[in-house]
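Student: Sequence first, then the predicted structure, then my questions.
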Amino acid sequence: MKNLIPRDSLAEKAAELKAQGKKIVTTNGCFDILHLGHVRILEAAKELGDILIVGINTDESVKRLKGPERPINTDLERAEVIGALKSVDYVTIFSEDTPVEFLDLVKPNIHVKGSDYKPSDLAETPVVEKHGGHVHILRLVDGKSTTGILKKIRE
């Protein structure tokens, strides 16, 4: 997968892009079962800058956050699917429960989250702001979630 950036190359790649004058936008998530809400958030995030880097939680992290039955798809599968979208320039995988360390390496100009969050409640806001960036909240697509899809499948 050509646009998967290993963690040990992340800071260098981000610095190289910034040196080229690129505005870097980041977002993160489990992205377990890709749906319309994911696609629209990623497209809107890309419109905010030049380069979109997406952080994907490892399988172990998803289990801690979502429960033992998740994820449905492996982290490498999820990274490849997300990386195949035209709005996504680069993907990385992180093992922590929050993207703080990922963001500390990238130092994005903008970090995007969905409207189910408030910047003041996010662990990532201080690290993004420390590096001169800001957190941008995008409206979610009503009724679209992996949890909702799984519930519908089970019914």
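Tutor: Received it, and whenever you're ready, just let me know what you need. Residues are numbered from 1 along each chain as shown.
Student: rest of the way, CA atoms for contacts and neighbours
Tutor: Will do.
Student: contacting residues around Ala14?
Tutor: Taking Cα atoms under 8 Å, 6 or more residues apart in numbering as the criterion, Ala14 is in contact with Ile24, Leu105, Val106, Lys107.
Student: Of the residues you listed, which pair is most distant in space?
Tutor: Ile24 and Leu105 (12.1 Å; Cα to Cα).
Student: Looking at these two, which one has more neighbours?
Tutor: Taking other Cα atoms under 10 Å, Ile24 and Leu105 do not tie; Ile24 has more neighbours (23 against 18).
Student: bridging residues for that one?
Tutor: Counting by DSSP bridges, Ile24 forms beta bridges with Ile51.
Student: so Thr98 makes contact with Ala123?
Tutor: Yes: the pair Thr98 and Ala123 qualifies as a contact (Cα atoms under 8 Å) at a distance of 7.0 Å.
Student: Between those two, tell me which one has more neighbours.
Tutor: Thr98 (17 against 12).
Student: Pull up the gap between the more buried one and Gly49, please.
Tutor: Applying Cα to Cα, to the nearest Å, the value for Thr98 to Gly49 is 23 Å.
Student: And for Val112?
Tutor: Counting by Cα to Cα, the gap from Val112 to Gly49 is 11 Å.
Student: Show me which of the two is the more surrounded one.
Tutor: Higher neighbour count among Val112 and Gly49: Val112, with 24 against 15, using other Cα under 10 Å.
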